[in-house]
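J.: sequence and predicted structure, then a few things I'm wondering about:
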Amino acid sequence: MAGIGSPEDDPFDFLFKIILIGDSNVGKTCVVQRFQSGAFSDKHQNTIGVDFSVRSLNIDGKKVKVQVWDTAGQERFRTITQSYYRSAHGAIIAYDLTRRQTFESVPHWIHEVESLPFLFSLPPVPCLLFCNKSDLAENRQILFEEACTLAEKFGLLAVLETSAKESRNIDEVFLLMAKELIARNTLHFHKDGPRNSFVLDSRPIVTANEPEKNCLCG
Ligand SMILES: Nc1nc2c(ncn2[C@@H]2O[C@H](COP(=O)(O)OP(=O)(O)OP(=O)(O)O)[C@@H](O)[C@H]2O)c(=O)[nH]1
Ligand SMILES: [Mg+2]
């Protein structure tokens with residue numbers, strides 16, 4: 001599997017493709033922008049289709065490229081966004097803790113992930129939940145404990161409260177997912193690939209152990 005651009009110019013140890021889903025206006029794009037560039041803008045523009053971004057992380061001395069596909073939450077883009085699911089390694093689902101409706105949509109998003117074919121993961125597809133806008137806690141409509149219960153019920157990896165505005169828990173979301181993907185995937189050495197690199201094989205991968213299901217409560 002090829003990396004982005006020239007592997008010689010930009011070698012990496014791992015490459016993970018992560019799909020970001022959830023209702024419109026929960027702050028998916030703001031979270032990705034904060035993760036990628038450290039910036040936050042109040043200027044709002046709904047995503048049209050899918051936006052793509054990439055950031056390299058250093059995890060335990062390894063260079064990990066995280067490609068994030070930030071999807072539009074609006075219903076009218078659903079056909080386009082679903083076409084990106086199958087080449088993702090993991091899914092991150094977002095809701096807005098000030099709007100209960102966005103939390104009630106989470107089972108629907110989980111169902112979408114479970115019902116669509118993923119090329120690079122066998123079920124259960126690693127799925128992580130975050131509740132955004134924790135800076136607006138005074139308008140909270142969903143207790144964190146409710147989110148933990150839901151995460152446990154559906155076997156999600158973790159649930160985190162984030163704020164793109166105040167830069168809370170943003171890197172942690174992607175780090176948790178990347179670490180989980182490193183832990184659960186069998187890696188194959190590609191002789192012709194980037195120097196000193198292991199990249200994910202494009203076959204579905206069987207894991208020996210069930211991933212630990214965490215709810216980061218408290
Ligand atoms: N207070 C607060 N506002 C936020 C936060 N994150 C995003 N917003 C605001 O929420 C609105 C929606 O943000 P987006 O990132 O565009 O939402 P989205 O989920 O990408 O929406 P779609 O692209 O339509 O799916 C914008 O007005 C943001 O400024 C946050 O952490 N705190
Ligand atoms: Mg968006």
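T.: Yes, it's here. Ligands and ions are numbered 1, 2, ... in the order given.
J.: residues in this protein within reach of ligand 1, list them.
T.: Contact residues, the chain versus ligand 1 (Cβ under 6 Å from any ligand atom): 24-30, 42, 44, 46-47, 72-74, 132-133, 135-136, 163-165. C-beta coordinates here come from the backbone N, C-alpha and C atoms, glycine included.
J.: which among the residues you listed count as buried?
T.: Buried by 16 or more other Cβ atoms under 10 Å: 25-30, 47, 72-73, 132-133, 135, 163-165, out of these.
J.: max pairwise distance over those: which two?
T.: Across these, the longest distance by Cβ to Cβ is 23.7 Å; it joins A72 and D135.
J.: and the longest helix for this structure?
T.: For the chain, the longest helix by residue count, based on DSSP state H, is helix 170-184.
J.: avg pLDDT for that helix?
T.: Averaging pLDDT along helix 170-184 yields 92.
J.: repeat that for stretch 151-161.
T.: Confidence for stretch 151-161, expressed as mean pLDDT, is 92.
J.: give the buried residues for that stretch.
T.: Residues of stretch 151-161 classed as buried by neighbour count (16+ other Cβ under 10 Å): 151, 154, 156-161.
J.: for those residues, which two are the farthest from each other?
T.: F154 and E161, at 17.6 Å, using Cβ to Cβ across the buried residues of stretch 151-161.
J.: ligand 2 contacts on the protein?
T.: Within reach of ligand 2 by Cβ under 5 Å from the ion, the chain has these residues: 28-29, 47.
J.: now do 6 Å
T.: By the rule Cβ under 6 Å from the ion, the part of the chain lying against ligand 2 is 28-29, 46-47, 70.
J.: pull the most distant pair out of those residues.
T.: Distance extremes for the residues of the chain next to ligand 2: the farthest pair is N46 and D70 at 11.3 Å, using Cβ to Cβ.
J.: state the pLDDT value of K213.
T.: Looking at K213, its pLDDT stands at 29.
J.: helix or strand right after the helix or strand that contains E145?
T.: Here E145 sits within helix 144-153, counting by DSSP states H and E. Next along the chain after helix 144-153, taking DSSP H and E as the criterion, comes strand 159-161.
J.: buried set for stretch 35-53?
T.: Buried residues in stretch 35-53 (16+ other Cβ under 10 Å): 35-36, 40, 47, 50-51, 53.
J.: residue nearest the centroid of this protein?
T.: I92 (3.2 Å; Cα atoms, centre = their mean).
J.: average model confidence for the particular helix or strand that has it in it?
T.: Per DSSP H and E: I92 is located in strand 90-96. In this model, strand 90-96 has a mean pLDDT of 97.
J.: okay, the very next helix or strand once past that strand in PDB with CA atoms only?
T.: Per DSSP H and E, the first helix or strand lying C-terminal to strand 90-96 is helix 100-104. C-alpha atoms of helix 100-104 as PDB (Å, rounded to 0.1, in the frame of the first residue of the first chain):
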ATOM      1  CA  ARG A 100     -29.500  15.700  22.700                       C
ATOM      2  CA  GLN A 101     -30.600  14.900  19.200                       C
ATOM      3  CA  THR A 102     -27.000  14.500  18.100                       C
ATOM      4  CA  PHE A 103     -26.400  12.000  20.900                       C
ATOM      5  CA  GLU A 104     -29.500  10.100  20.000                       C
END
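J.: beyond helix 100-104, next helix or strand please.
T.: Per DSSP H and E, the first helix or strand lying C-terminal to helix 100-104 is helix 106-115.
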